[in-house]
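Novice: One predicted model, sequence on top.
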Amino acid sequence: MIEVKEISSAVAPLACNIFDHVAGSKHEQIVFCNDPETGLKAIIAIHNTNLGPALGGTRMWMYKTEAEALNDVLRLSRGMTYKAAISGLNLGGGKAVIIGDSKKDKSEALFRRFGRFINNLNGQYITAEDVGTSTKDMEYVAMETKSVTGLPESMGGSGDPSPVTAYGVYMGMKASAKFAWGNDELNGKKVLVQGIGNVGRNLVSHLTKEGAVVYIADINEEQLNKVAAEYGATVVSNEGLYDLDIDIYAPCALGATLNTENISRLKCSIVAGAANNQLAEESVHGPMLVEKGIVYAPDFLINAGGLINVYSELNGYDRSKALAQTEHIYNATMDILKNAQADGIHTQLAAMQIAEKRIYNK
Ligand code: NAD
């Protein structure tokens with residue numbers, strides 16, 4: 001005999017109010033993608049589509065709790081709205097997270113099922129690779145939907161966005177140098193690059209070519225030794241990192257390193273790096289950097305090269321055009337640093353205000 005369960009027993013009561021939770025952040029749509037057959041558990045968050053379809057990568061991460069995954073996707077998708085707007089792109093902001101171990105839980109079936117969920121959104125959300133996902137994974141997604149960018153170059157895509165992101169960070173750093181010191185030469189300047197993964201490594205390449213004295217920190221020792229040998233950078237330990245006597249700190253690993261403790265220890269003149277959400281709390285740590293006389297290049301402005309690169313793929317990829325548009329980050333950074341100084345506000349706020357003018361037609 002078949003056991004007939006009440007429908008309610010399969011759907012446990014929810015203990016939180018999601019609509020209340022997202023009221024402040026103004027998200028338009030949140031999609032929970034569940035497929036026990038492939039093991040897919042994903043959340044797609046569409047923050048805003050005023051300027052165009054919401055574009056943002058898919059992160060695969062072993063989140064400790066589902067709440068942590070939801071918070072991450074909400075935070076990251078909002079950031080994408082601002083990044084697209086400040087970069088002058090006709091795109092909205094979105095992001096997706098897949099809960100799982102990117103080393104063990106990936107399969108073609110999982111990414112194809114995920115692609116079908118994206119396809120159901122009829123172009124409102126466009127995905128790309130992000131932490132824990134690769135261009136190969138995006139190939140599987142592309143079997144089910146056209147709403148995907150960051151495909152391999154062999155498929156006519158834009159490939160790995162990291163070198164373009166690094167170029168944009170380098171441009172933002174040089175503009176910050178010009179603002180702080182009246183000269184954008186980085187020759188002889190001491191720069192700490194924290195995190196020498198895909199972006200950090202490419203940034204180290206630009207910096208050493210210009211003659212900067214580069215210090216590198218990472219948790220991956222093998223990678224540290226490789227990059228040190230290739231570029232002549234000096235490895236520093238993670239202990240005492242924030243006490244180093246340097247000119248520029250480039251966070252290229254984790255978010256939220258600009259917190260009260262670290263800022264009080266920092267001895268640099270400039271912070272300019274690729275990591276998303278570097279300020280632990282925008283309204284506290286943005287002003288704190290100003291008080292310390294540290295020039296902060298807003299992360300979502302200077303790390304937009306990767307987004308510019310995948311955006312260009314939507315209209316027929318042209319790398320030289322993507323790089324030229326990324327180079328504009330230099331001027332955009334300079335404008336924001338000057339505006340912030342003139343208005344007596346912190347640089348992240350100045351950048352957000354300019355983005356909001358476009359997003360909400362203020
Ligand atoms: P990645 O995973 O290739 O590199 C990150 C590096 O940080 C790794 O080498 C890792 O070992 C290191 N790391 C992790 N935890 C660390 C810690 N506690 N201390 C020191 N090092 C640590 O990532 P990526 O693509 O180079 O991106 C770097 C950052 O830039 C991320 O925050 C990412 O979200 C952001 N970002 C990347 C792009 C892009 O195009 N890849 C675009 C925009 C923003």
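Specialist: On my side now, so go ahead. Numbering: from 1, shown residues only.

Novice: In contact with Ile359, which residues?
Specialist: Asn48, Asn50, Leu51, Thr81, Tyr82, Ala85 (CB atoms under 8 Å, 6 or more residues apart in numbering). (C-beta placed from N, C-alpha, C; glycine too.)

Novice: Show only the entries of these found in helices.
Specialist: Among the contacts of Ile359, the residues falling in helices (DSSP state H) are Thr81, Tyr82, Ala85.

Novice: Select from those residues the one having the most neighbours.
Specialist: Counting neighbours by other CB atoms under 10 Å, Thr81 leads the ones in helices among the contacts of Ile359 with 32 neighbours.

Novice: is it true that that residue touches Lys95?
Specialist: No - if you go by CB atoms under 8 Å, Thr81 and Lys95 don't touch, sitting 9.8 Å apart.

Novice: got any residues that touch both of the two?
Specialist: Taking CB under 8 Å, 6+ apart as the contact criterion, the common neighbours of Thr81 and Lys95 are His47.

Novice: Ile294: which of the ones in helices among the contacts of Ile359 is nearest?
Specialist: The closest of those to Ile294 turns out to be Tyr82 (CB to CB; 21.4 Å).

Novice: Skipping its backbone neighbours, what lies nearest the closest one in space?
Specialist: Leaving aside its sequence neighbours, Tyr82 sits nearest to Ala355 (CB to CB, 6 or more residues apart in numbering; 4.4 Å).

Novice: if we can go back for a sec, farthest-apart pair in the contacts of Ile359, please.
Specialist: Asn50 and Tyr82 (12.0 Å).

Novice: got the contact list for the closest residue to the ligand within the stretch 101-250 of the chain?
Specialist: Here the stretch 101-250 of the chain gets closest to the ligand at one residue, Gly197, 1.7 Å apart by CB to the nearest ligand atom. Listed by CB under 8 Å, 6+ apart, the contact set of Gly197 reads Ser162, Asp218, Gln223, Cys252, Ala253.

Novice: Around the ligand, pick out the residues from the stretch 251-362 of the chain.
Specialist: Residues of the stretch 251-362 of the chain lying close to the ligand (CB under 6 Å from any ligand atom) are Cys252, Ala253, Leu254, Ala274, Ala275, Asn276, Asn303, Gly306.

Novice: Mind putting the residues you listed into CSV with distance to Tyr63 and secondary structure?
Specialist: Below are those laid out as CSV (distance: CB to CB, whole Å; DSSP: H, G, I helix; E, B strand; the rest coil):
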residue, distance to Tyr63, secondary structure
Cys252, 22, coil
Ala253, 18, coil
Leu254, 15, coil
Ala274, 22, coil
Ala275, 18, coil
Asn276, 16, coil
Asn303, 22, coil
Gly306, 23, helix
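
Novice: Report the two of those separated the most.
Specialist: Within these, Leu254 and Gly306 form the most distant pair, 17.0 Å apart (CB to CB).

Novice: more neighbours, those two?
Specialist: Set Leu254 next to Gly306 and count neighbours by other CB under 10 Å: Gly306 wins out with 29 against 13.

Novice: ok, for that one, nearest residue in space, not its chain neighbours?
Specialist: Among residues not flanking Gly306 along the chain, Pro161 sits closest, at 3.3 Å (CB to CB, 6+ apart).

Novice: can you check Leu70 too?
Specialist: Once flanking residues are discounted, Leu70 sits nearest to Ile43: 5.9 Å by CB to CB, 6+ apart.

Novice: Minimum pLDDT in the residues of the stretch 251-362 of the chain next to the ligand, which residue is that?
Specialist: Here the lowest pLDDT out of these sits on Leu254, with 84.

Novice: My read is that that residue contacts Gly195, right?
Specialist: Yes - in this structure Leu254 lies within contact range of Gly195 using CB under 8 Å: 7.0 Å.

Novice: what do the two both touch?
Specialist: Residues touching both Leu254 and Gly195 (CB under 8 Å, 6+ apart) are Ala275.

Novice: Doesn't Lys321 lie inside a strand?
Specialist: No - under the criterion used here (DSSP: H, G, I helix; E, B strand; the rest coil), Lys321 is helix, not part of a strand.

Novice: got the contact list for it?
Specialist: Applying CB under 8 Å, 6+ apart, we find Lys321 in contact with Ser312.
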